[in-house]
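Peer 1: here's a sequence, model it:
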Amino acid sequence: MALDIVTFALLGLVVGTGAALLLPRLFRAPRALTVFTGMISALLIGGLARIIMGPGSLLASSLLALVGAGLLVSVLARPDQRSRPLHRAPRHPHHA
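Peer 2: Below you'll find the model as predicted:
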């Protein structure tokens with residue numbers, strides 16, 4: 001049980017830290033929020049997976065925790081607003 005918790009927490013920390021350090025333009029939230037979101041989501045999803053699948057499934061639970069943490073951390077991502085056009089050119093009516 002303790003090994004599972006430590007594994008899930010470390011996986012979440014890796015996901016959160018990786019997102020904050022490798023993609024800083026996408027994750028504009030404070031780094032601590034991104035890292036803790038990864039850790040908490042991995043702990044929750046890994047714990048639920050362990051409860052559902054049983055104690056002998058550390059590898060499968062860890063994989064689910066890793067994927068789930070990645071998905072939940074991606075909710076914090078905010079792409080650069082400048083990559084989209086700020087405004088559109090006004091349309092002019094066609095004259096007959």
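Peer 1: report pLDDT for residue 2.
Peer 2: pLDDT, residue 2: 88.
Peer 1: make that residue 87, sorry
Peer 2: For residue 87, pLDDT reads 57.
Peer 1: pick out the residue closest to the middle of the chain.
Peer 2: Closest to where the C-alpha atoms of the chain average out (Cα atoms, centre = their mean) is residue 73, at 1.8 Å.
Peer 1: what sits against that one?
Peer 2: Counting by Cβ atoms under 8 Å, 6 or more residues apart in numbering, residue 73 touches 15, 16, 19, 27, 34, 37, 38, 41. Glycine gets a C-beta too; all of them are placed from N, C-alpha and C.
Peer 1: report the secondary structure element holding it.
Peer 2: Applying DSSP states H and E as the criterion places residue 73 in helix 58-73.
Peer 1: how about that helix as PDB, C-alpha atoms only?
Peer 2: This file holds the C-alpha atoms of helix 58-73, laid out as PDB (Å, rounded to 0.1, in the frame of the first residue of the first chain):
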ATOM      1  CA  LEU A  58       0.600  -1.800  -9.400                       C
ATOM      2  CA  LEU A  59       1.700  -1.500 -13.000                       C
ATOM      3  CA  ALA A  60      -1.800  -1.100 -14.400                       C
ATOM      4  CA  SER A  61      -2.700   1.400 -11.600                       C
ATOM      5  CA  SER A  62       0.500   3.300 -12.200                       C
ATOM      6  CA  LEU A  63      -0.300   3.500 -15.900                       C
ATOM      7  CA  LEU A  64      -3.800   4.800 -15.200                       C
ATOM      8  CA  ALA A  65      -2.400   7.300 -12.700                       C
ATOM      9  CA  LEU A  66       0.100   8.600 -15.200                       C
ATOM     10  CA  VAL A  67      -2.400   9.000 -18.000                       C
ATOM     11  CA  GLY A  68      -5.000  10.500 -15.700                       C
ATOM     12  CA  ALA A  69      -2.500  13.000 -14.200                       C
ATOM     13  CA  GLY A  70      -1.500  14.100 -17.700                       C
ATOM     14  CA  LEU A  71      -5.100  14.600 -18.700                       C
ATOM     15  CA  LEU A  72      -6.000  16.600 -15.600                       C
ATOM     16  CA  VAL A  73      -2.900  18.700 -15.800                       C
END
